[in-house]
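Engineer: structure for this input, please:
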Amino acid sequence: MNFLMIKYEYKKSPVIYTLMSICIFVYIISFLLYGLEMNAYQGLELGGYNPIYVHDYHQYYRLITANFIHFGILHLAVNMSAIYNLGIFVERIFQKKMIIVAFVSLLSTNFLPYLLYLYNGFGKLTVSGGISGLIFGLIGALAALALLKKNIFSDIFKSLLPNLIAMILISIIVPNISLSGHICGFIGGFFSSYLLIKINNL
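Structural biologist: Numbers count the residues shown, from 1 in each chain. Sure, this is the predicted structure:
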């Protein structure tokens, strides 16, 4: 792919390509510092989410930075593939407003679990990272489209349901995957998209 083709593709989906580029850049930094994979302590040093650090040390930036760290090359590759396949499609629907959907999804991924921590101490010993909350936010956006624009998007969302169910099951079964982050990312993507569709009559 030559430079002009890359520039053309980027212009069509600038939000998704920018987010992917940040993730890859941060992973290169983590690779140079720690090697192919990071442990929880290293992830915390690089900006991972832990509610105690957010609350006690007022490191609120972790609510966002945690989305861009990945604990290994497989973690990064799976997330980049999913975001590429879903994100470009969703961004071409929402266009410039995609930045709102993405930001709300990224923030809710860690902010809603943080509210649970304030309520009952939820997740105080966990260190989380990765942009998979945005993946679920994109699925949430498609769910909002399917709900409000049934004649256009319901079949697309139905085709994604088996993958969504599989991802939720994996989130439950695999101990190191944040089910709460995935669910909260979905909530953020769904409600931000729902409001945008209603307000702007997309």
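
Engineer: let me see the contact set for the closest residue to residue 147 other than its chain neighbours.
Structural biologist: Using Cβ to Cβ, 6 or more residues apart in numbering and skipping the chain neighbours, the partner closest in space to residue 147 is residue 194 (7.4 Å). C-betas here are computed from N, CA, C, even on glycine. By Cβ atoms under 8 Å, 6 or more residues apart in numbering, residue 194 lies in contact with 144, 147, 148.

Engineer: again, 10 Å this time
Structural biologist: Neighbouring residues of residue 194 by Cβ atoms under 10 Å, 6 or more residues apart in numbering: 140, 141, 143, 144, 145, 147, 148.

Engineer: centroid-nearest residue for this protein?
Structural biologist: residue 134 (1.9 Å; Cα atoms, centre = their mean).

Engineer: which strands or helices does the strand or helix carrying that residue pack on?
Structural biologist: Assigned by DSSP states H and E, residue 134 belongs to helix 132-148. Under the contact criterion of 3 or more Cβ pairs under 10 Å, 6 or more residues apart in numbering; DSSP states H and E, helix 132-148 touches helix 14-34, helix 73-94, helix 98-120, helix 150-173, helix 179-200.

Engineer: relative to helix 98-120, how tilted is that helix?
Structural biologist: 110 degrees (axes from the mean of the first three to the mean of the last three Cα atoms, to 10 degrees).

Engineer: next, the angle helix 179-200 makes with helix 132-148.
Structural biologist: If you take the same axes, to 10 degrees, helix 132-148 sits at 40 degrees to helix 179-200.

Engineer: test my guess that the residue nearest to the centre of the chain contacts residue 91.
Structural biologist: No - with contact defined as Cβ atoms under 10 Å, residue 134 does not count as touching residue 91 (11.6 Å).
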